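Trainee: build the 3D model from these lines:
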Amino acid sequence: MPSANVKSISESTRAKLKDAINQLEPFLNHYALPQLSEKDSNDEAQLFYKGLLSDLRHLLVFSEVSVEKLGVLLRRPNFDTDFAERALYEVYHQCVSAFFYPKNECYSEDGRYAYTGQDAIRFRFKPIREARDIVLGVSKIYEELRDELAYYENDYMTQRRMQGQK
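Mentor: Modelled structure (predicted):
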């Protein structure tokens, strides 16, 4: 992939991850388990919100680490294409995958809704509006990242293996 293209994708990815962080961080700083589950205090709600908060915290950390790596990369006087491609690969496999395949499975993507104009995210339990809004809000960012970085899902590592690198 041409160096100029990798650089522009790196810049775009960093900006999108910063947008996601700017949405996730205030939500996680404001809401804790008691605030989220105060209307539904049953065990199912507790487990759901505990899992959701855990998944969102992981997503935030992965996104912050990736923004930092991309920032270091973009501040260097000489753009390192190999390092950039590796960083974009990690964004795809850590951030995008962490969003679309959350460990606690509090929500999932239903591809049948992707082309209908409806939200493709389906929740295991009906969350409060704020929790629903944060997941749906960042979903658009991670969908864009998934589309932009689809090359790094599989082709990047296949290319590296063919070159004899890890």
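Trainee: ok, and for stretch 79-88, which residues are buried?
Mentor: The neighbour-count check on stretch 79-88 (16 or more other CB atoms under 10 Å) flags 81, 83-88 as buried. All C-beta spots, glycine's among them, are computed from the backbone N, C-alpha and C.
Trainee: and which of those residues is nearest to Lys7?
Mentor: Distances from Lys7 to the buried residues of stretch 79-88, taken as CB to CB, are shortest for Ala84 (6.9 Å).
Trainee: any idea which element the closest one lies in?
Mentor: helix 81-90 (DSSP states H and E).
Trainee: now do the contacts for the nearest residue to Arg146 once chain neighbours are set aside.
Mentor: Nearest residue to Arg146, sequence neighbours excluded (CB to CB, 6 or more residues apart in numbering): Val96, at 4.9 Å. Going by CB atoms under 8 Å, 6 or more residues apart in numbering, Val96 touches 142, 145-146, 149.
Trainee: who's in contact with the helix or strand where Ile134 lies?
Mentor: Here Ile134 sits within helix 129-148, counting by DSSP H and E. With CB under 8 Å, 6+ apart as the test, helix 129-148 has contacts from 9, 12-13, 16-17, 19-20, 23-24, 27, 31, 36, 49, 52, 56, 59, 91-92, 95-96, 99-100, 107, 109, 119-121, 123, 127.
Trainee: from these, which land in helices?
Mentor: Counting by DSSP state H, the part of the contacts of helix 129-148 found in helices is 9, 12-13, 16-17, 19-20, 23-24, 27, 36, 49, 52, 56, 59, 99-100.
Trainee: among the residues you listed, which ones are buried?
Mentor: Buried among those (16+ other CB under 10 Å): 9, 13, 16-17, 19-20, 23-24, 27, 36, 49, 52, 56, 59, 99-100.
Trainee: right, I'll call it a day here.
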